[in-house]
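> Next comes the sequence, and after it the predicted model I'd like to discuss.
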Amino acid sequence: MNSIRNSLLAACLTLATLVAAPAMAEDVTSELNPKLRGLLQQEMVGIEAAMKEIYSAIIRGNHEVVKEKGQAIHDSFILAQELTDEDRQALKAAVPRAFLKLDQKFHKQAGKLANAGVEKNTRKQKQLFDRMTESCVSCHSRFVDERFSGLKE
């Protein structure tokens, strides 16, 4: 249990460092059409719920839930969802390339987390969960800081 607590403390300290770093924030959702904004918000709500379940599963050693929820997050990648070619082009035009790269990296990490669930490797699960959390905070503080004002410097 101390190992998990120490790991989470280290993640929090890392996140504090990321948040404290100066960044030019921009709200990526302001340029999205209502359909894309809705899909992105729907995805974020689902990811947040899955992350909560994953945290609980990690601390309980429930590898099956880690696998399932990690895979669900991996598969929810917005560009692979209900988007037409026109929607994809509009999304790519509306958001910075850095946003898309962070999103893609996050979903890859979720796939690795699912594999760690298959492997029943709790240590690896904790490490990947920490990285995913860092990715969330980094993205929110960089691209939607108006909505997450607690992440401002």
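Great, that's in hand.
> Which single helix of the protein contains the most residues?
helix 34-60 (DSSP state H).
> Which of the helices or strands spans the residue nearest to the spatial centre of the chain?
Against the mean C-alpha coordinate of the chain, by CA atoms, centre = their mean, the closest residue is C136 at 4.3 Å. In this assignment (DSSP states H and E), C136 forms part of helix 122-143.
> Quick one: distance of that helix to the chain centre.
On the basis of CA atoms, centre = their mean, to the nearest Å, helix 122-143 is displaced by 6 Å from the centre of the chain it belongs to.
> For that helix, name the packing helices and strands.
Counting by 3 or more CB pairs under 8 Å, 6 or more residues apart in numbering; DSSP states H and E, the packing neighbours recorded for helix 122-143 are helix 2-20, helix 34-60, helix 63-75, helix 97-119. Every C-beta, even on glycine, is put in place using the N, C-alpha and C of the backbone.
> Report the buried residues of the shortest one.
Of all the residues in helix 63-75, those buried under the rule 16 or more other CB atoms under 10 Å are H63, V65, V66, K67, E68, K69, G70, Q71, A72, I73, H74.
> from what I can see N33 touches L91, true?
No. The criterion here is CB atoms under 8 Å, and N33 misses it with L91 at 9.1 Å.
> Looking at those two, which one has more neighbours?
Neighbours were counted for N33 and for L91 using other CB atoms under 10 Å; L91 has more, 22 against 11.
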